[in-house]
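Participant: Using only what follows, build the 3D model:
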Amino acid sequence: MIDRITIGRSVHERLQPYNTESSINEFSIQKSVKMLLDYGVVIIRDLLAPHDIDPWGKAALQNLDDAIAELKLRDIDLLNPGSCGNEPLSNHELAMREDLRLDLRNGRNFRKMREDKGVQSIRMRPAIVKIAFSPKGKYYRGNYGRFNFQGSGPDGSPMPLKVGEVGAVISLPGAANQAIHADTPV
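Facilitator: The predicted model follows:
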């Protein structure tokens, strides 16, 4: 399955600077869109520069360690749900959707990364936006994201694109498969 959903950039694309329009061509964009339509996911190898994304990964893991330690002080063991009798609750820094899966949103390490002018933003790369928001395949009318988020259903006007801050979804060992859900009205 990994091989079917993975796009390798061409030599020409890889020779272009990261973060530029030419770092992924129209053919690769359309191939990526097709993967999203066919499988609901696409992996694009080496699209983002390691020096741009590695610090975010490290910040996410530091935020996870902070959350685990903070919750233990409240008699909540994030790594062993239900073992202490208290259930983790969502808060500003962390959202628990189900046991052993959490969204890290606003920990101190992410806040520090956002303030650091030397760290490139990875949110609004034109190719990523174009790939993520162009598919309108056979399931488009049934995309329940178009019915919530104040949407008006499949025939309504699309809502304006809103891109939040960089965060991380972490699935710890033993987490169940995530339920299908909509993150956007598109």
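Participant: Let me know the pLDDT of I180.
Facilitator: What the model reports for I180 is a pLDDT of 66.
Participant: Repeat that for G137.
Facilitator: 63.
Participant: Make residue 1 into 25 and carry on from there
Facilitator: With the count now opening at 25, the last piece we talked about shows up as G161.
Participant: Over to the closest residue to R38 other than its chain neighbours. Which of the three states is it?
Facilitator: Distances taken as CB to CB, 6 or more residues apart in numbering place D70 nearest to R38, at 6.5 Å, with adjacent residues excluded. Glycine gets a C-beta too; all of them are placed from N, C-alpha and C. Here D70 is recorded as coil under DSSP: H, G, I helix; E, B strand; the rest coil.
Participant: Pull the number of nearby residues for D70.
Facilitator: Neighbourhood size, D70 [other CB atoms under 10 Å]: 13.
Participant: got a pLDDT number for it?
Facilitator: At D70, pLDDT is 87.
Participant: What distance do you get for it to Q40?
Facilitator: Distance, D70 to Q40, by CB to CB, to the nearest Å: 11 Å.
Participant: Run through this protein and note the low-pLDDT ranges.
Facilitator: Counting by pLDDT under 70, the chain contains low-confidence residues at 106, 108-117, 141-148, 157-187, 204-210.
Participant: what about the strands in this protein?
Facilitator: For the chain, strands defined by DSSP state E occupy the ranges 30-31, 67-68, 118-122, 125-128, 192-195.
Participant: by contact count, what packs against the first one?
Facilitator: Contact analysis of strand 30-31 by 3 or more CB pairs under 8 Å, 6 or more residues apart in numbering; DSSP states H and E lists helix 50-63, strand 67-68 as its packing neighbours.
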